[in-house]
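K.L.:
Sequence plus predicted model, see below.
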Amino acid sequence: MHKGMKVEKQIYVPFESKAFDESGGFEGYASVFGVKDYDGDVIVRGAFKNTLQKFRDESRMPKMLWQHRPDMICGKWTEMQEDDRGLYVKGNCILDVEEGRKAYSLMKAGVLDGMSIGFNIVDGGRDERGRVISEVDLWEVSLVTWGANPEALVTRIKARESIRDFEAFLRDAGFSRNEAKALAADGYKALRQRDADDDCFDAEVVERLKTLTNILKD
């Protein structure tokens, strides 16, 4: 492919969520380098360098759309950068609009697990892998229902891992191993039910929860 060729393209990739918060925030990868898409195309490292620099120079970001619908903006991207793995993105769903609430609820439930990038192809070529895209003009990243990669349901794995991470966090905050496991699994209600007759234990738990709350606020 010759440099300067403009080809509009949308690529579906697995959405890998790293974190969620109740403000609608999430983060993950919108593109993974070296992975063939459904057309047999491969995006390589460095493909987003120039287009991201252009956005930085203009103090703006690509759009966050719902299902590639230009009339359905569902949120706002706050960070995009290349790393060794791919295009790392961070953003917030806008919970005041229907599409934002829907997208965020479905992501938390683990059933919305795909992102798709819309862009123009600026430069590329071919090798044994097929068409290799070395530079893109990115214009939007959408939250979508379907992704071409069979490993797209990675958010469910991360959700299970996050329970163990939360247990470790509770241990660091001063909870015992059993308290941390119970709190992570069932919440404070489980602790109270288990030791309803132990007023001393209950008071200690309250104090530790207060400490944890202060940590979270910080």
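P.N.:
It's in.
K.L.:
Moving C-terminal from the host helix or strand of A103, which element do we reach first?
P.N.:
Using DSSP states H and E, A103 falls within helix 98-109. Scanning forward in sequence from helix 98-109 by DSSP H and E, the next helix or strand is strand 114-127.
K.L.:
circling back to that earlier point, put the alpha carbons of the helix holding A103 into PDB.
P.N.:
The C-alpha coordinates for helix 98-109 follow below in PDB (Å, rounded to 0.1, in the frame of the first residue of the first chain):
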ATOM      1  CA  GLU A  98     -29.000   6.600  27.800                       C
ATOM      2  CA  GLU A  99     -26.200   5.100  25.700                       C
ATOM      3  CA  GLY A 100     -23.700   5.800  28.400                       C
ATOM      4  CA  ARG A 101     -25.800   4.200  31.200                       C
ATOM      5  CA  LYS A 102     -26.500   1.200  29.000                       C
ATOM      6  CA  ALA A 103     -22.800   0.700  28.000                       C
ATOM      7  CA  TYR A 104     -21.500   1.000  31.500                       C
ATOM      8  CA  SER A 105     -24.200  -1.400  33.000                       C
ATOM      9  CA  LEU A 106     -23.400  -4.000  30.300                       C
ATOM     10  CA  MET A 107     -19.700  -3.700  30.800                       C
ATOM     11  CA  LYS A 108     -20.000  -4.200  34.600                       C
ATOM     12  CA  ALA A 109     -22.200  -7.200  33.900                       C
END
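K.L.:
Point out where this structure drops to low pLDDT.
P.N.:
1-22, 129, 147-169, 184-218 (pLDDT under 70).
K.L.:
Strands of that one, start to end?
P.N.:
7-14, 16-20, 25-32, 41-43, 63-66, 69-82, 86-93, 114-127, 130-144 (DSSP state E).
K.L.:
Figure out which of those is closest to S176.
P.N.:
Smallest distance to S176 across the strands of the chain (CB to CB): 25.9 Å, for strand 16-20. Any C-beta I mention is one placed from the backbone N, CA and C, and that applies to glycine too.
K.L.:
My understanding was that N120 contacts E135; is that so?
P.N.:
No. If you go by CB atoms under 8 Å, N120 and E135 don't touch, sitting 9.7 Å apart.
K.L.:
Between the two, point out the one with more neighbours.
P.N.:
E135 (21 against 15; other CB atoms under 10 Å).
K.L.:
for that one, what are its contacts?
P.N.:
3, 46-47, 49-51, 121-124 (CB atoms under 8 Å, 6 or more residues apart in numbering).
K.L.:
So which of these is the closest to G174?
P.N.:
The closest of the contacts of E135 to G174 turns out to be K49 (CB to CB; 45.4 Å).
K.L.:
ok, the closest one - contacts?
P.N.:
82, 135.
K.L.:
Kindly provide the distance from it to V89.
P.N.:
For K49, the distance to V89 equals 15 Å [CB to CB, to the nearest Å].
K.L.:
Kindly report the same for A103.
P.N.:
Taking CB to CB, one finds A103 at 14 Å from V89.
K.L.:
what about the two, which has more around it?
P.N.:
Using other CB under 10 Å as the criterion, A103 and V89 rank with A103 on top: 26 against 23.
K.L.:
What distance do you get for that one to L143?
P.N.:
Taken as CB to CB, the span from A103 to L143 is 5 Å.
K.L.:
Return every residue with contacts to both of those two.
P.N.:
By CB under 8 Å, 6+ apart, the residues touching both A103 and L143 are 66, 74-75, 112.
K.L.:
Alright, I will stop here.
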